[in-house]
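K.L.:
the sequence and its predicted three-dimensional model are supplied below.
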Amino acid sequence: MSDCVIVWIRFGLIKRLSKGQLWVSQQAGPGSEAQTRSEHLSFGRCRTTQLPISRDIAVNVARSMSSMDKAYESSIASTDAWKALQEHVSDIEKTHLKDLMADQTRCEALIKEDLGLYCDFSRQRMTQETIKKLMDLAEAADLKGKIEAMYSGDHINSTEDRAVLHVATRARRDQEISDNGKNAVPEVWEVLDKIKAFSEKVRSGEWKGCTGKPIKSVVAIGIGGSFLGPLFVHTALRTEPNAMAQSRGRQLRFLANVDPIDVARALNGLDPEETLAVVISKTFTTAETMLNARTVRSWLVSQLGEGAVAKHMVAVSTNLKLVKEFGIDPDNAFGFWDWVGGRYSVCSAVGVLPLALQYGFEIMEQFLSGANSMDDHFRSAPLESNLPVLMGLTSVWNISFLGYPARAILPYCQALSKLAPHIQQVSMESNGKGVDIHGNVLPFEAGEIDFGEPGTNGQHSFYQLIHQGRVIPCDFIGIVRSQQSVYLKDEIVSNHDELMCNFFAQADALAYGKSREELRSQNVPDYLIPHRIFTGNRPSTSLLLPELSAYTVGQLLALYEHQVAVQGFVWNINSFDQWGVELGKVLASRVRQMINLSRNKHRFVNNSDGFNYSTTRLLNKYLQGKTQLLYPEPRDVFPAELLEHHPF
């Protein structure tokens, strides 16, 4: 390692001097991040403090820095393309979006349209030169090769030694997408055909409950990707005219949280004689899902008797042994594969089964076709006009170079209210990593903090911060033709036009802002001017869909899925594992055993039980405040009467 080395670590810099002193530099405020990243041999506007350290610490730091040097040398950050973008940041810092937007040639170059989707990147802090350099970065990262490797069934999920083939779950019958040399598409369609046959039986009334009544209500029991993706699609289709017509007289509910309140709300008002539960768990061992499944089974059995399970519960799982032991006929289990990650599983039986029961299989075929069209585009379109690629590279630019770690997803369509929570999981569970695919610590910021709310609700919630606080890039999503039209004769525009007026205005307000001079020209008092200045220069992308149908919902889903993959491919991280969710589960198991012991032995947690002081006190506070119900004989305690008589 050289005598003077600067290494970027999260939001600070460490500088090791030849005299053995250790200097830690922390950024002084907004705006310094990009400068320190692009100028590796200066601290820019950062303040520097000297820390007294021991020799042992100095040795450990030196070793860590040596390891990071090696990680840096093997990372995308060591490439000329990455360094060129770092240097390019200073050029962009000299510009303002109000000036960039005046360049029509630039705007035309940054507007892309394909598959009926209109994608406008002109309000991003980019120029044609930025795009060129991002394309160079894509080449350096072998983005095209990695995309093809995914479609070819290579085991790109290296930590779990799995292929990543969620694209196969919406493939056309005549497509070939292989896993370990075997075409996976026929198996996919075998399951889809089974879903079609079963859903038609249920919807036609041929399949009846144990008392002879037809099934009218479905409760989908699953968590994470088994919940958020299907809920997003369901919410998007509930008010779509064709889907509405197919779902008349039916209802679909979701049970995800292990909180008994969620159980009460999911089952409230349902007639067990007309209810079918779909238990979604690949291994049939997911703790929260299986506890909820046992709870719903108790509810059904308490109302209908032991024979209810066979006619009122089906499964989406690959563990037929546990499915049978649970009481569900394995013939009523719908499979999927280990090459489908949970957050990417909505196009498998995980989502298609409950959604087909609600809307019919034909509607779901349209949804799958829309996703498939975006899959084809992602695989074959040139990178320069590839919508998911451009969205992904834009996010990489914002996160790793401009220093904007968050993104707001802002659909101007109430039917897309569950898009942001779903993409939050797809993005943050996929790319919330601190090491690359080889296990080396990343020498740059990666991962994106995603949140959002439909417009105009969000405008009255968090847009204040977006306009005058932190810079948060935004995705504005608009629909040309609303699912539901309202026009009042005395209004100058329709309700949907009013909504879309805000869609167009908010993006420009963020880009242009409002200057001191403009405020003075409007006779704003001097003392109010600082409070009413909008700096502008805040980036956003505008995405316009022709309509929100099952087909375009599929396109939108796949667009965001592939954008996340692009980010991971460039950062060279594994976007398809999720080890970060494991530790909390392990610790929860230990707490579960402790609570069981405390309840059965009628004692509190003590210091010898192995919990830290804080957790011990928290547990005892919880145990103290909860009355334990004691019965002469063990029995199920379930608020069936409460559900029937007290609506939530």
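P.N.:
Sure thing, it's come through.
K.L.:
mind listing what Lys201 touches?
P.N.:
Trp207 (C-beta atoms under 8 Å, 6 or more residues apart in numbering). Just so you know, the C-beta spots here come from the backbone N, C-alpha and C atoms, and that holds for glycine as well.
K.L.:
if we go to 10 Å?
P.N.:
Lys201 makes contact with 207-208, 215 under the criterion C-beta atoms under 10 Å, 6 or more residues apart in numbering.
K.L.:
of those, closest to Gly403?
P.N.:
If you rank the contacts of Lys201 by distance to Gly403 using C-beta to C-beta, Ile215 comes first, at 52.7 Å.
K.L.:
ok, that closest one touching Leu276?
P.N.:
Yes - shown here, Ile215 and Leu276 form a contact pair, counting by C-beta atoms under 10 Å, at 4.6 Å.
K.L.:
which neighbours do those two share?
P.N.:
With C-beta under 10 Å, 6+ apart as the test, Ile215 and Leu276 both reach 202, 207, 209, 311-312, 357.
K.L.:
what's the neighbour count on the residue lying closest to Val258 once chain neighbours are set aside?
P.N.:
Leaving aside its sequence neighbours, Val258 sits nearest to Glu288 (C-beta to C-beta, 6 or more residues apart in numbering; 4.0 Å). Summarising burial for Glu288: neighbours were counted as other C-beta atoms under 10 Å, giving 21.
K.L.:
what does Thr394 give?
P.N.:
Neighbours of Thr394 using other C-beta under 10 Å come to 27.
K.L.:
which stretches of the stretch 401-550 of the chain form strands?
P.N.:
406-411, 449-452, 474-481, 540-547 (DSSP state E, counting those that start in this stretch).
K.L.:
need the ones you listed in JSON lines with mean pLDDT and mean neighbour count, can you?
P.N.:
Formatted as JSON lines, the strands of the stretch 401-550 of the chain follow (pLDDT from 0 to 100; neighbours: other C-beta atoms under 10 Å):
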{"stretch": "strand 406-411", "mean pLDDT": "98", "mean neighbour count": "24"}
{"stretch": "strand 449-452", "mean pLDDT": "98", "mean neighbour count": "19"}
{"stretch": "strand 474-481", "mean pLDDT": "98", "mean neighbour count": "20"}
{"stretch": "strand 540-547", "mean pLDDT": "98", "mean neighbour count": "20"}
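K.L.:
closest to Glu365 out of these?
P.N.:
Going by C-beta to C-beta, the one of those nearest Glu365 is strand 540-547, 17.4 Å.
K.L.:
how big is the angle separating the closest one from strand 406-411?
P.N.:
Between strand 540-547 and strand 406-411, the angle comes out at 30 degrees (axes from the mean of the first three to the mean of the last three C-alpha atoms, to 10 degrees).
K.L.:
strand 540-547 pairs with which strands, and in what direction?
P.N.:
strand 117-120 (antiparallel), strand 474-481 (parallel) (DSSP bridges).
K.L.:
and after it, which helix or strand comes next?
P.N.:
helix 550-571 (DSSP states H and E).
K.L.:
what's the very next helix or strand once past that following helix packed up against?
P.N.:
Of the helices and strands lying after helix 550-571 in sequence (DSSP H and E), the nearest is helix 582-601. Contact here means 3 or more C-beta pairs under 10 Å, 6 or more residues apart in numbering; DSSP states H and E; on that basis helix 582-601 packs against helix 287-304, helix 613-624.
K.L.:
what sits up against helix 582-601?
P.N.:
If you take C-beta under 10 Å, 6+ apart as the criterion, helix 582-601 is touched by 286-288, 603-606, 609-611, 615-616, 619-620, 622-623, 626, 628.
K.L.:
can you say which of the residues you listed are buried?
P.N.:
The neighbour-count test (16 or more other C-beta atoms under 10 Å) marks 286, 288, 605, 609, 611, 616, 619, 623 as buried among the contacts of helix 582-601.
K.L.:
ok, back up a step: could the strands of the stretch 401-550 of the chain go into JSON lines alongside distance to His496?
P.N.:
Converted to JSON lines, the strands of the stretch 401-550 of the chain look like this (distance: least, C-beta to C-beta, whole Å):
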{"stretch": "strand 406-411", "distance to His496": "13"}
{"stretch": "strand 449-452", "distance to His496": "20"}
{"stretch": "strand 474-481", "distance to His496": "8"}
{"stretch": "strand 540-547", "distance to His496": "11"}
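K.L.:
out of the ones you listed, nearest to Phe232?
P.N.:
strand 406-411 (10.7 Å).
K.L.:
show me how far the closest one is from its chain's centre.
P.N.:
Distance, stretch centre to chain centre, for strand 406-411: 11 Å (C-alpha atoms, centre = their mean, to the nearest Å).
K.L.:
given that strand, what are its sheet partners and their directions?
P.N.:
Next to strand 406-411 in the sheet, as set by DSSP bridges, lie strand 449-452 (parallel), strand 474-481 (parallel).
K.L.:
now it - C-alpha only, PDB.
P.N.:
Output of strand 406-411 as PDB, limited to C-alpha atoms (Å, rounded to 0.1, in the frame of the first residue of the first chain):
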ATOM      1  CA  ALA A 406     -33.200   7.500  -1.900                       C
ATOM      2  CA  ARG A 407     -36.000   7.400  -4.500                       C
ATOM      3  CA  ALA A 408     -39.600   8.300  -4.300                       C
ATOM      4  CA  ILE A 409     -42.000   6.300  -6.400                       C
ATOM      5  CA  LEU A 410     -45.000   8.500  -7.100                       C
ATOM      6  CA  PRO A 411     -47.800   7.000  -9.200                       C
END
